[in-house]
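Trainee: give the three-dimensional model of this entry:
(chains A and B)
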2 protein chains.
Amino acid sequence: MNGEWKMYIQLALDRMDINQAIQITQQVEEYIDWIEVGTSLIKEFGIKSIEAIKRAFPSKMIVADTKTMDNAVYECNLCFEAGADVMTVMGVAPLMTVEACLKEASIRGKKVMIDLLNTNESVRQQLLQYKEAIFCIHVSKDEQEFAQQHKNFNFAHFHRPTGCNLAVAGGISAATMKQIQPLHPSIVIIGSAITRAEHPERAARELRQLVRNRGIDDASN
Amino acid sequence: MNGEWKMYIQLALDRMDINQAIQITQQVEEYIDWIEVGTSLIKEFGIKSIEAIKRAFPSKMIVADTKTMDNAVYECNLCFEAGADVMTVMGVAPLMTVEACLKEASIRGKKVMIDLLNTNESVRQQLLQYKEAIFCIHVSKDEQEFAQQHKNFNFAHFHRPTGCNLAVAGGISAATMKQIQPLHPSIVIIGSAITRAEHPERAARELRQLVRNRGIDDASN
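Mentor: This next block holds a predicted model:
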């Protein structure tokens, strides 16, 4: 039964240039659902990274990982005008920034993903009032790379918030995907397990098979 | 006596294009000390906004307002290689991200400004261990624009952390500068009071006079 929920794969594009991002996405396009223009692409190349990727993949949902902390309406305007379907705001931002993003997205028929990175339980409870948002449980790159136990990081200490649309992100691969099973996410965000794979297409195909055909509860069988 | 501490003006460039940023800075160059490439310029135009502004003003300290939440070494690398002298990291980021920024800056002889936006007292106490950092007390644009009492926002509920290098930011103008006096900042960050002024040069000259010659405690006299 745990394998029955529907799950999308969001491909996260980070630490590469725009052409590389497009080329790698072309290789794996049929196996992924949403495309994330990573924070590093936005900060390195600006909003044109979003425009270029939407232009290359007009039928895909494009997530702009703006990690907004302030200046909500301006940043929403930038990324939605550039073709993004979803933008991200940090859960640790002031609530009025989160609310301004939700309002702006709603006006435009777009979505907001609230990144729960480094939020505490009390803040998460406040954020869960925003039923229209997607919530992202996120183990950050720095947490993965620098935490002493980074080889053993997992999602076990997160509780699934009820009644919300959930994404998970943080070094997820075929090998570690079983860890996210108890969270029943709607969206699994995968970056380097595809983009840094020796054979990105094969990696994406395997992950897709794992997600769609077998259910991730069978991942280690 | 309160007027005697030394204070720098950091000009914050936001919500404009790179050419406008350079043109306005040329008008006020002699009255300001540090130049901040705002988050909106970085997200809209990418890292080339930092390169262009450093190239135009090579003798000024350039602050890249990256508002880093993750991917610390990569973002430090991007902005320092582009010519930034200071980068910003969010105090609400995981501590290992703050520490990674400080380490990377130290290796390169650069500085980190820790943005205290939306931090609580407990987090601020943890952050104050980083004596080499500049701390920025920050009332965000959204807090200014959307808070019900935005006309009355002030810095009165902030306590000055002791023994640290302090910056203040958030809608500061000649009229409101007196509010920051009790904080004794080393750096006062000013954006729209100069960049949106009818006469930017005159506005910058007046602010400079206020800061350097009279001390901000006399601002309302």
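Trainee: I'd say A:Val139 and A:Ala169 touch.
Mentor: Yes: taking CB atoms under 8 Å as the definition, A:Val139 is a contact partner of A:Ala169 at 7.2 Å. Just so you know, the C-beta spots here come from the backbone N, C-alpha and C atoms, and that holds for glycine as well.
Trainee: so between the two, which is more surrounded?
Mentor: Ranked by neighbour count (other CB atoms under 10 Å in any protein chain shown), A:Val139 and A:Ala169 place A:Ala169 first, with 27 against 21.
Trainee: tell me who's in contact with that one.
Mentor: By CB atoms under 8 Å, 6 or more residues apart in numbering or on different chains, the residues touching A:Ala169 are A:Gln10, A:Ala12, A:Cys136, A:Ile137, A:His138, A:Val139, A:Ile189, A:Gly191.
Trainee: relative to B:Ile187, how far out is the residue in chain A positioned nearest to chain B?
Mentor: Relative to chain B, the nearest point of chain A is A:Gly46 (3.5 Å; CB to the nearest CB). Remark: distance between A:Gly46 and B:Ile187 (CB to CB, to the nearest Å) = 27 Å.
Trainee: repeat for A:Ser106
Mentor: A:Ser106 is 38 Å from B:Ile187, by CB to CB.
Trainee: same question for A:Ile35.
Mentor: 40 Å.
Trainee: in chain A, which spans are strands?
Mentor: A:8-13, A:34-37, A:61-68, A:86-90, A:111-115, A:134-138, A:165-169, A:187-190 (DSSP state E).
Trainee: now those in a markdown table, with distance to A:Glu75 and mean pLDDT?
Mentor: What follows is the strands of chain A, written out as a markdown table (distance: least, CB to CB, whole Å; pLDDT from 0 to 100):
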| stretch | distance to A:Glu75 | mean pLDDT |
| --- | --- | --- |
| strand A:8-13 | 19 | 97 |
| strand A:34-37 | 13 | 98 |
| strand A:61-68 | 5 | 98 |
| strand A:86-90 | 7 | 98 |
| strand A:111-115 | 11 | 98 |
| strand A:134-138 | 17 | 96 |
| strand A:165-169 | 19 | 95 |
| strand A:187-190 | 20 | 96 |
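Trainee: and chain A, which residues reach chain B?
Mentor: A:14-15, A:39-40, A:42-49, A:66-67, A:69-72, A:74-75, A:78, A:90, A:92-94, A:96-97, A:99-100, A:117-118, A:140-143, A:146-147 (CB under 8 Å from any CB of the partner chain).
Trainee: now restrict those to buried residues only.
Mentor: Buried members of the residues of chain A next to chain B, counted by 16 or more other CB atoms under 10 Å in any protein chain shown: A:14-15, A:39-40, A:42-49, A:66-67, A:69-72, A:74-75, A:78, A:90, A:92-94, A:96-97, A:99-100, A:117-118, A:140-143, A:146.
Trainee: pick out whichever of A:Ser106 and B:Ile187 has more residues nearby.
Mentor: B:Ile187 (24 against 12).
Trainee: I figured that one hits B:Ile180, correct?
Mentor: No: counting by CB under 8 Å, B:Ile187 stays clear of B:Ile180, with 10.6 Å between them.
Trainee: give me the common contacts of these two.
Mentor: B:Val168.
Trainee: residue ranges with poor pLDDT in chain A?
Mentor: A:1-5, A:147-154, A:156, A:213-221 (pLDDT under 70).
Trainee: quick check: longest helix of it.
Mentor: helix A:95-108 (DSSP state H).
Trainee: give me the contact list for it.
Mentor: A:68-70, A:72-73, A:75-77, A:80, A:87, A:89, A:91, A:110-112, A:114, A:126-127, A:130, A:132-133, B:140, B:142-143, B:146-147.
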